[in-house]
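Asker: Predicted model follows, preceded by the sequence.
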Amino acid sequence: MQLARFLVEAVVLGKQSPNQLVRAHPISRSWFYELLGRYRRDGPAALEPKSHRPASCPHQVEQALVDAILELRAELSAAGLDAGPQTILHHLASRFDKTPSRVTIWRILKRQGLVTPQPHKRPRASFVRFEAQLPNELWQTDATEWHLADSGKVEILNLIDDHSRLCLASVAFRTVKAADAVQTFYSAVEEWGPPARFLSDNAAVFSGRSRRGRVALESELDRLGIQCVHSTPYHPQTCGKVERFHQTLKLFLAKQAAAQSLAHLQVQLDAFRTIYNRHRPHRALDGRTPLQAFNARLKASPSLAQPQVDYRVRRDRLDAGGRVTLRYLSRLRHFHVSYRHRGEPVIVLVAGEHVRVLTEDGSLLRELTLDPTRDYQRSTAPTLVRHQVRQRSAST
């Protein structure tokens, strides 16, 4: 356009020949005469570049839709929930008969400065992804740290279904112990049924590999015929789905009032679990909620068929003789556990007639099968210890 201005002014102000200028410069004769006519009619402003944007756009998104998109973005962000284009589109569908595409919503957010540019990420094609084909085919579990209002540290134990991303359990503890992991697992089994496989990292409450043994949870999984799988050390990507769930959960908790106690935090976890399972569309599930995906297919089950068993987790304390009492088949059963640990709190895991007694750190004290014909079960205490107990009883 600078060349055109120079040639036009050369003709108007310099009185040069238009034909000579056209032959000497790379410009169309017809286009040059059109510019010359504009200049003579409208002056120098006629040579300024003009926008080619149309005066109207029939397919432009209505302002009411734009306002609704921005309103939903603000509401979801304030609640600590996912506020991406896919989620906004899910909520728009219940308000409007005709909705824009996900890409259009993203462009509207970008124009408003609501999309934060992210650094270059590893391409998705480089990841080796896996997903269970059926609900209950694989469960993932992990614990994550959180802080209460007084800055006290607590741990949240999360359990999700690999296929549907359903949050099976989300429970807050001061510190997750072996018995807590077992109790949370059985609570999930009672509500959703048992899984075929169980995946976790190598934390002490999930794996006894570092101590060359089996922890309480592993023993229970073995007894139920559930395959227990642990991730490779220092490779959290194996448990990537539950790790990503931690992030989603913490975004929600960060927008809530700081929890004053474990009970307060548990109320927040229960509220999020309801929103996440029943109302929040999941991008990995084609916009379905985890509960919809969980109920859409038949459920997998452990490889070994197990009879119906009554599971219980009890917290008790050994008496002065190292014994514990348990009600079985409507009668009290008494059995010796450990004289050395007398008076200490214990965890009693009951599966029908099979009983296991653990310390609070998960160490096994005694394992037995109850004899329904006896109220006082046979003791496994060493002969010397029993003799010492009798002597002390006689002396008193």
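Answerer: The structure has been received and is ready for your questions. Numbers count the residues shown, from 1 in each chain.
Asker: Which pLDDT value does the model give residue 358?
Answerer: Reported pLDDT at residue 358 in the predicted model: 89.
Asker: can you check the one 5 residues further on too?
Answerer: The predicted local distance difference test score for residue 363 is 83.
Asker: how far away is it from residue 356?
Answerer: Here residue 363 is placed at a distance of 11 Å from residue 356 (C-beta to C-beta, to the nearest Å). In short, each C-beta sits where N, CA and C put it, glycine included.
Asker: The two - which one has more neighbours?
Answerer: Legend: neighbour count by other C-beta atoms under 10 Å for residue 363 and residue 356, higher for residue 356 (19 against 14).
Asker: OK, contacts around the residue nearest in space to the middle of the chain?
Answerer: Compute the mean C-alpha point of the chain, and by C-alpha atoms, centre = their mean the closest residue is residue 245, 1.4 Å away. Contacts for residue 245 were tallied using C-beta atoms under 8 Å, 6 or more residues apart in numbering; they are 158, 160, 165, 167.
Asker: ditto for residue 313
Answerer: Residue 313 makes contacts with 179, 182-183, 186, 347-350, as judged by C-beta under 8 Å, 6+ apart.
Asker: what's the helix or strand for it?
Answerer: Secondary structure assignment for residue 313, by DSSP states H and E: strand 311-317.
Asker: Torsion angles phi and psi at the residue nearest to residue 220 when sequence neighbours are not counted?
Answerer: Spatial nearest neighbour of residue 220, excluding adjacent residues (C-beta to C-beta, 6 or more residues apart in numbering): residue 182 at 5.8 Å. Backbone geometry at residue 182, expressed as degrees, to the nearest 10, gives phi -70, psi -40.
Asker: for the chain, what helix or strand is lowest in average pLDDT?
Answerer: helix 383-395 (a mean of 49; mean pLDDT, DSSP states H and E).
Asker: related to what we said a few turns ago, direction included, what does the strand holding residue 313 pair against?
Answerer: strand 345-351 (antiparallel) (DSSP bridges).
Asker: can you give me the angle the helix or strand that the strand it pairs with is followed by makes with strand 345-351?
Answerer: Heading C-terminal from strand 345-351, the first helix or strand you meet, by DSSP H and E, is strand 354-359. Interaxial angle, strand 354-359 versus strand 345-351 (axes from the mean of the first three to the mean of the last three C-alpha atoms, to 10 degrees): 160 degrees.
Asker: before we move on, back to that, for the residue nearest to residue 220, what are its contacts?
Answerer: 216-217, 220, 313, 347, 349.
Asker: Could you identify which of the residues you listed has the most neighbours?
Answerer: Going by other C-beta under 10 Å, residue 216 tops the contacts of residue 182 with 27 neighbours.
Asker: I figured that one hits residue 358, correct?
Answerer: Yes: Residue 216 lies in contact with residue 358 (C-beta atoms under 8 Å); the separation is 5.6 Å.
Asker: shared neighbours of these two, anything?
Answerer: By C-beta under 8 Å, 6+ apart, the residues touching both residue 216 and residue 358 are 178-179, 347, 349, 364.
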